[in-house]
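# Provided below are the primary sequence and the corresponding predicted coordinates.
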Amino acid sequence: MANNISVTILTKDSAAFLAECLGALEAFTEVVVVDNGSTDDTIAIASRFRNVRLFEHPFTGFGPMKNIAVDKAANDWIFSVDSDEIVTPELTAEILNLKLDSSRIYAVGRDNHYRRRLICGCGWQNDQVQRLFNRKRTRYDDKLVHEGLKMDDQLQTELLEGRLNHYPYDNASQLIQKMQHYSTLWAEESLGRKKASPFKALFYGVLTFFKSYLFKKGWLYGYEGLLISISNANGVFYKYIKLYEADRSHSL
């Protein structure tokens, strides 16, 4: 058992992969789950695991929510996992045998799947995320979306060899739902900080599609590659359009 590492997870209607996610974390003595209003079986599933401590809190943005989970943890070392990620046995073994250094943040390579198919294109390849850190040295920034750990000159990032399996989407509806949520949060956060226009929205949207489908080899993955590339482009288009509309409303 890893007695000096707490795992933290945010959940919201996460039943689809939660049992598999938590099952892969049974070697850790504590898993802090912070739920923000699930209406599916998320709470019931989480409650079945003896090492889970469950909390509920209204959504306040991904960065602030992750810090709430960090603050609930019993240990200073935090291993942050998403509810649609499955930690491989190799990664678990590597972490449990790691000589932890508080001057380092440990990053993990992530294999992204659509409908359980591994996608190594569309910008989903070479995905690395910072996940293991000491809360006495850093914590998450306050971004509503695309949050990250605060870095300084004294902290270095070390990439672990073990990997995460990531299952973010099972269908087009989930792609659309997440795009809607994230583009809204980005526009809210960027209001007063960035400028947007319909031309910029169109330009970056089109650019993102060609980058995702052609240069990032989405075309190698059939309809899934086309769908993900269009979703990436739509996400960029709508976040700039939402910012443009918010800016106009704010100026009236």
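Happy to help now that I have it. Numbers count the residues shown, from 1 in each chain.

# Only C-alpha atoms from now on, for both contacts and neighbour counts.
Will do.

# can you tell me which residues contact Thr138?
Leu149, Lys150, Met151 (C-alpha atoms under 8 Å, 6 or more residues apart in numbering).

# How confident was the prediction at Asp153?
Model confidence at Asp153, given as pLDDT, is 87.

# centre of the chain versus the helix ranked longest in the chain, how much separation?
Of all segments of type helix in the chain, defined using DSSP state H, the longest is helix 222-251. Taking C-alpha atoms, centre = their mean, to the nearest Å, one finds helix 222-251 lying 19 Å from the centre of the chain it belongs to.

# what packs against that helix?
In terms of contacts (3 or more C-alpha pairs under 8 Å, 6 or more residues apart in numbering; DSSP states H and E), helix 222-251 is packed against helix 172-190, helix 198-210.

# Output stretch 98-114 as PDB, restricted to C-alpha atoms.
Output in PDB follows, covering the C-alpha atoms of stretch 98-114 (Å, rounded to 0.1, in the frame of the first residue of the first chain):
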ATOM      1  CA  LEU A  98       9.500   5.800  -6.900                       C
ATOM      2  CA  LYS A  99      11.900   7.700  -4.600                       C
ATOM      3  CA  LEU A 100       9.900  10.900  -4.500                       C
ATOM      4  CA  ASP A 101      11.600  14.200  -4.800                       C
ATOM      5  CA  SER A 102       9.600  17.300  -3.800                       C
ATOM      6  CA  SER A 103      11.600  19.500  -6.300                       C
ATOM      7  CA  ARG A 104      10.000  17.500  -9.100                       C
ATOM      8  CA  ILE A 105       6.600  17.200 -10.700                       C
ATOM      9  CA  TYR A 106       6.100  13.900 -12.300                       C
ATOM     10  CA  ALA A 107       4.400  13.700 -15.700                       C
ATOM     11  CA  VAL A 108       2.700  10.800 -17.400                       C
ATOM     12  CA  GLY A 109       2.200   9.800 -21.000                       C
ATOM     13  CA  ARG A 110      -1.500   9.400 -21.900                       C
ATOM     14  CA  ASP A 111      -3.000   7.100 -24.600                       C
ATOM     15  CA  ASN A 112      -6.300   8.700 -25.800                       C
ATOM     16  CA  HIS A 113      -9.200   6.500 -27.100                       C
ATOM     17  CA  TYR A 114     -12.400   7.200 -28.900                       C
END
